[in-house]
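Engineer: Quick one, fold the following:
(3 chains)
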Amino acid sequence: MSAPILQVRDLQVTFHTPNGPLIAVRGTDLDVHPGEMVGVVGESGSGKSVSFLAAMGLLPKSATVAGSVLLDGHQLVGASAKELRSIRGRLMSMIFQDPLSALNPVHRIGAQISEMLRAHSKMSERAARSRAVELLEIVGIPQPGDRSLQYPHEFSGGMRQRVVIAMAIANSPKVLIADEPTTALDVTVQAQILEVIQRVQAQFGTAVVLITHDLGVVARVCERVNVMYAGRIVERASVNDIFEAPTHPYTRGLLASLPQAGVERLVPITGFPPNMLRLPAGCAFRARCAEAIAECEHGVPELRAVGAAQSACIRAVELMQPR
Amino acid sequence: MTDEITLPTASPRKMAYDRFVSHRAAVASVFVLAILVLFVALSPLTARYGVNESVQAPPNSFLPPRANAWLGTDDIGRDLYSRLIYGVRVSLVIGLFSAIISVTIGCLVGAVAGFRGGRFDDIIMRVTDLFLAFPFLVTLLVMRNMLGAIGWLRPIIGELSSVRFIIVLFAIFGWMGVARIVRGQVLALKEREFIEAARAVGATRWYIVRKHLLPNSVGPIMVALTFSVVSAIIGESTLAFFGYGPQAGAGATSLGILVGQAKGAVNTGFWWLAVFPCLVLVTIALAINFIGDALRDATDPRMQKDS
Amino acid sequence: MIRRLAWSVPTLLFVTFLVYIALRIGTNPVESYKRINPRATPAKIQQYIDVNGLDPNYVRGYFRWLVNFVTLDWPRSIKGSREVWPQLKDALANTLRLGSAAVVVGVSFGLLLGVYAALQPGGRRDISVNTAAFVGISIPPYVSAIILQLVFAVYWSRWFGSTLFPTSGVYPPGQEGFNLGLMAKHMVLPTVVVAIQIIAVYARYMRSSLLDVLSSEYMRTARSKGISERRVLFKHGLRNALIPVVTIAALDVGSIVGGLIITENIFSYPGMGKYFLAAFGEGDFPLLMPWMVIIVTSVLVFNLIADISYAWLDPRIRLD
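Structural biologist: Down below sits the predicted model:
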C-alpha cells in the first residue's frame, strides 16, 4: 500500500457551548490511501461529519481542534487561513448532504463551477466556463452547455448533487469528502449518485471519504469502513469483514437492526445515544452493550488488531463468532 | 444503569422567558414602563395639580423648573409635571386600546387569509400592500377626515376630536400591518407536519386555526402588539403636533399635545416645555421597542434551532 | 411582465378614484370653496363644481375630473384663483432634492453600518450599532428635528454668535436666484433628521439580512471552495443579503415624495409637505388632487420597480 494521502492522528474537536465544553471528537486516527473509497459510518452525533469539517477548517470559531491532520504533507490543524484556503477546493474538497442549500441560489451553475476553477488556477473566464461544461458532462448532466446557464432551483435533487460533485472535483483534488451525499435523495437516485462518485474516482484518481449512516450505501461502494460511536472510531475493517464478521458490539447491533426480508421483528439497539456533555467513564457504548463486563468501565478502549480488522472492544477476540 | 439521554430541556415557554430575560435592556424597560404606568394609574395622587390648574396667581406663565413646579409651567401657568402625568395617561390609553383592537382584527383577517389562501388572500394582500405603501401621515389625515365626515358613524366612534375617535382611527390603521404578520406566520406554519397531522385526524379548519395556528403564532402576535402600541402613541403625537390631537375636555391634554407645544418652545428658549415631553415620549417609545425586540428574539422559532 | 405593466394603468385609475372619493368626503370641497369665497355667486360656484368634476354622482364626477386632468386643463386653486402647477412644481422640486439627499445618505450609511455590525454578531460593534439604530427608530423625526434645531440654531448662536446651520426655508429670506452653497446649508439639518431614521432602519434590515445569509449552507460551500474571504463576503454574502433590502428600499423611495411632511413643517421647508398641509387645511380640492396623483403615481411606479428588481435579483422569483 502506498503512503496515505490523508493521515489523521489523535484528532480532538471541542465545542464551547453555554452548557460547558462538548468534546465531539475524542481522539480519532484515520488513514486514507490515494484512490481508495473509505466509508465512515455512524449515527448523528457520532462525530463523523465534525471530524472532517475540522480537517477542512470549516468549523465555527467556537470550536477547538487539536491533533494532527496531514494531507499530502500539509499539516491542516493550526494552519493559517491562507494555507487552508489554498488547500480547500484544490487538494481536498467536500460535498454536503443537501445540494439545494449547498448551492448559492442566485448564481448560475456554470458560474459556481468556474468560480471553483478560477480560485486555484489562472484560467480565463471563458476557459473556466467551457471546462465547467465539460465537468457537467462528466457527471452526466444532459445538455451541459445549456444547463450551465441555469440556476440551482431549476434542477432536480439528483441533478443538483451531480453539479455539486462536478464542482468539488473541478480541480482534481486528491481527497473528496462526501458528507451524506445520498441521504437527501430518493433511493433510485442514490444509486446513480454513487455511480457518479465511483466514475469520478476512477477518472481522476481521487480518494473518497464517504460519510454516511446508511450501511447499504457502504456495502455498495466502499473498500474499507470505519465505524464511529460517540466521537471515536470503534471498528475498522474491510467492507467484507465488517458485514461478515463484525468485531464490535455496536457494529453487530447496527447490522442486526437492518430490516431483512423474511425476518418479521426488527431488533434495535437498546438504550439511547450518549449525552456528549456527560459521557460515562470507560467505553461509551457500555450502557447499551449486551456483552459489557466490569472492566469495560475502566478506561476508554483503544483500537486493537483483531485479525485483519481493528476493534475498540476489549472482548473482541473473545466474542468473535465467524458466521 | 440510568443514562441521561438528552440535555435537560425546558418548555418552550420557559426557554422564551429565559431568552427574554437575557436582554438586559428589555428587562430594564419593563421596570421603567411599570413604574411609569404605576405613576400614571395613581394619577390623582401622584400629580401635584389638576390638569387645568394654575400653579400660582399670575405672573405664572413660562416659569422654569422650581420648587412648586418641578418641570416648569406652560403658557398659562399650569404645572408641566402634572400635565405630563395626565397626558401620558391619555396617550397610553389610546395606544393600548387601539393596539388591542387592531391586533384582534388583524389576527382574524390574517389567519383566514393565510389559511384559506386563494382570492381572498390575494385581495387582502393587494389592498394592504398599497395602503401601507402610501405616506403614513397623508393616509392618516385623509382617513381621519373621512371617518369624521361620515355622519352615521358618529354615535359609534365619537366626535372627531375625542379620544374614542382616535382609538378607532389607529385601530383601523393598524390592523393591516398585523394582518400581514399573522398571515406570514400562518403561511409558514401551514406546511408544517403537525398541521397535516391534525387534518389527517379530521380536525375542522376552524379548529386548526384556533388550537394550532394561533397558539403557535403567539410570539409574532405579541411582537405585533407591542409595535402597534408604539406606533399608535407616536402616531397620536404626530397628529397632535399638527393640531389634530384629542381634545377631551377643559385643558385636557395628551402626550402628543405636550410634545407638539415643544416646537414653539424652541425658539423662545423655554427649553423645559420642549425637553421634558420629548424625553418622556422617547423613553416610552424606546422602552416599548426594546421589549418588542426582545420578545421577537425570544419567540423566534429560528432561534430554537441551535442546540 | 407585460401583464403587470398593463394592470398598472387600471390600478392607477382605481386608486385615484378612491382618493377622489376620500377627498370629497373628507375635505368637503364645495363648502371649502364657499368658505374661502363668501361672495361667490351661484354661477361661480356651479362653475367650480363643473371644472373640478364635483358632480353629485361620484363616478361621473370622477371622469369629468379625469378628462380635465389628463388634458392638462387644471382648475385653479380656491384661494385667489392661482395656478396649481407652478406651486406644485416648486414644492416637488424642493422635496425631491431633500428626499434624494436623505435617501442616498441614509441608505448608504445604513447599509454600511448593517454590514459592519453583522460581521461580528454579538460583539461590541454589533451591540453598539444595534442600540444606536434602536434609539434612532424610537425617536420620532420631529423630536430629533426639535433637538437639532435647539442645538444648532438656538444655542449655537447663543454660544458662538452665528448660525451654523439654518433651520428654515430653502434660502434665507430675501434671497433671489440660485445659490448652491446657501441651498446646501439650509438642507443640512432637515437631511440629517430624515437620514437618521433611514440609517437606523436600513442598518437593522441589512444586519438582519446579512446574518441570515451568513448562516446559510451555501456560505459553507463557498468557503470550502477555498476562494478568498473577501469574495465569499461580497459575491456570496452581500449579493444575497442585498436582495430583500433593495426591494424595501425601492418601496421606501416611492413614498418619500409625501413622506417628509413633518420634517418640512418643522424646518419651514417649502416642499410637498407644506403644500399638502396648507391645501388640506383649507380643503383646496384643485390643489389637492394633482398632489395626490403625483403621490399615487410615485408609489405605484416604485412598487412596480420593487417587484421587477426583486425578480431580477433573485432568479427563483419570476414575474407572471
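Engineer: residue ranges with poor pLDDT in the chain?
Structural biologist: Using chain A here. A:1, A:321-323 (pLDDT under 70).
Engineer: my question was about chain C
Structural biologist: Across chain C, the ranges flagged by pLDDT under 70 are C:153-178, C:319-320.
Engineer: Grab the most central residue of it for me.
Structural biologist: By C-alpha atoms, centre = their mean, the mean C-alpha position of chain C lies nearest to C:Ile256, the distance being 0.6 Å.
Engineer: Pull the number of nearby residues for the nearest residue to it once chain neighbours are set aside.
Structural biologist: Nearest-residue entry for C:Ile256: C:Gly99, 4.2 Å, with adjacent residues in sequence omitted and distances by C-beta to C-beta, 6 or more residues apart in numbering or on different chains. All C-beta spots, glycine's among them, are computed from the backbone N, C-alpha and C. By other C-beta atoms under 10 Å in any protein chain shown, 23 other residues sit near C:Gly99.
Engineer: and C:Gly99, which of the three is it?
Structural biologist: Secondary structure, DSSP: H, G, I helix; E, B strand; the rest coil: C:Gly99 is helix.
Engineer: can you pull the contacts of it?
Structural biologist: Residues near C:Gly99 by C-beta atoms under 8 Å, 6 or more residues apart in numbering or on different chains: C:194, C:253, C:256-257, C:259-260.
Engineer: Looking at those residues, which is nearest B:Glu236?
Structural biologist: Taking C-beta to C-beta as the measure, B:Glu236 sits nearest to C:Gly259 out of the contacts of C:Gly99, at 18.5 Å.
Engineer: mind pulling up the phi and psi values for that closest one?
Structural biologist: C:Gly259 has phi and psi values of phi -100, psi 10 when expressed as degrees, to the nearest 10.
Engineer: ok, and the closest non-adjacent residue to it?
Structural biologist: Closest to C:Gly259 by C-beta to C-beta, 6+ apart is B:Pro135, at 4.2 Å.
Engineer: Now the one you found. Its backbone dihedrals?
Structural biologist: phi -60, psi 130.
Engineer: Run through the residues that contact it.
Structural biologist: C:255, C:257-259, C:261, C:295.
Engineer: just to revisit the earlier point, same list (the contacts of C:Gly99) but as TSV, adding distance to B:Gly292 and secondary structure.
Structural biologist: Shown next, in TSV, are those (distance: C-beta to C-beta, whole Å; DSSP: H, G, I helix; E, B strand; the rest coil):
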residue	distance to B:Gly292	secondary structure
C:Val194	23	helix
C:Val253	26	helix
C:Ile256	25	helix
C:Val257	29	coil
C:Gly259	23	coil
C:Leu260	26	coil
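Engineer: which one of those is nearest chain B?
Structural biologist: C:Gly259 (4.2 Å; C-beta to the nearest C-beta).
Engineer: just checking, that closest one touches B:Phe136?
Structural biologist: Yes. With contact defined as C-beta atoms under 8 Å, C:Gly259 counts as touching B:Phe136 (7.0 Å).
Engineer: out of the two, which sits in the more crowded spot?
Structural biologist: Set C:Gly259 next to B:Phe136 and count neighbours by other C-beta under 10 Å: C:Gly259 wins out with 26 against 18.
Engineer: so which helix or strand takes in the spatially closest residue to C:Ala118 that is not a sequence neighbour?
Structural biologist: Spatial nearest neighbour of C:Ala118, chain neighbours left out: C:Leu210 (3.9 Å); criterion: C-beta to C-beta, 6+ apart. Using DSSP states H and E, C:Leu210 sits within helix C:180-214.
Engineer: after that helix, next one along is what?
Structural biologist: helix C:217-224.
Engineer: Does at least one residue of that following helix sit close to chain B?
Structural biologist: No. Figure legend: helix C:217-224 not in contact with chain B (C-beta under 8 Å from any C-beta of the partner chain); closest approach 12.8 Å.
Engineer: other SSEs contacting that helix?
Structural biologist: helix A:99-102 (3 or more C-beta pairs under 8 Å, 6 or more residues apart in numbering or on different chains; DSSP states H and E).
Engineer: Next, the residue lying closest to C:Ser298 once chain neighbours are set aside: phi, psi?
Structural biologist: Leaving out its chain neighbours, the residue that sits closest to C:Ser298 by C-beta to C-beta, 6+ apart is C:Val257, at 4.7 Å. Phi and psi for C:Val257, reported as degrees, to the nearest 10, are phi -60, psi -40.
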